[in-house]
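Asks: when you get a sec, could you give me coordinates for this:
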Amino acid sequence: MPITQTQQQLDELSAKLDALGAVLARVLDENRSLRTSQEQLIGERAALLSKNEQARSRVEAMILRLKSLEQNT
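Replies: Purely as a prediction, here's the structure:
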């Protein structure tokens, strides 16, 4: 009888390990997906910061031109 009980415990442990392996695979896949998304968002953020800087420079240039025109009139 102890052999049967030991076999049952091993079967239960094996099932738990299989379930844990499935969870690990899912978490690794999710982690990979999140890292890819993070890299994409970092790239998009850098592009937006660059566009924002360009727009700020253009607005400042327009303000300077308007002040120059105002002084000339």
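Asks: so how far is stretch 48-62 from its chain's centroid?
Replies: Relative to its parent chain, stretch 48-62 has a centroid offset of 27 Å by C-alpha atoms, centre = their mean, to the nearest Å.
Asks: quick one: mean pLDDT over that stretch.
Replies: Average pLDDT, stretch 48-62: 98.
Asks: which stretches of the protein form helices?
Replies: Listed in chain order, the helices of the chain (DSSP state H) span 2-72.
Asks: centre-most residue in it?
Replies: residue 38 (2.3 Å; C-alpha atoms, centre = their mean).
Asks: need the pLDDT of that one.
Replies: Looking at residue 38, its pLDDT is 98.
Asks: need the contact list for it.
Replies: Shown in contact with residue 38 (C-beta atoms under 8 Å, 6 or more residues apart in numbering): no residues. Any C-beta I mention is one placed from the backbone N, CA and C, and that applies to glycine too.
Asks: report the separation between it and residue 45.
Replies: Noted for residue 38: a distance of 10 Å to residue 45, by C-beta to C-beta, to the nearest Å.
Asks: with residue 5 instead?
Replies: To residue 45, residue 5 is 58 Å away according to C-beta to C-beta.
Asks: cool, and residue 59?
Replies: Taking C-beta to C-beta, one finds residue 59 at 21 Å from residue 45.
Asks: swap in residue 66?
Replies: According to C-beta to C-beta, residue 66 stands 31 Å off from residue 45.
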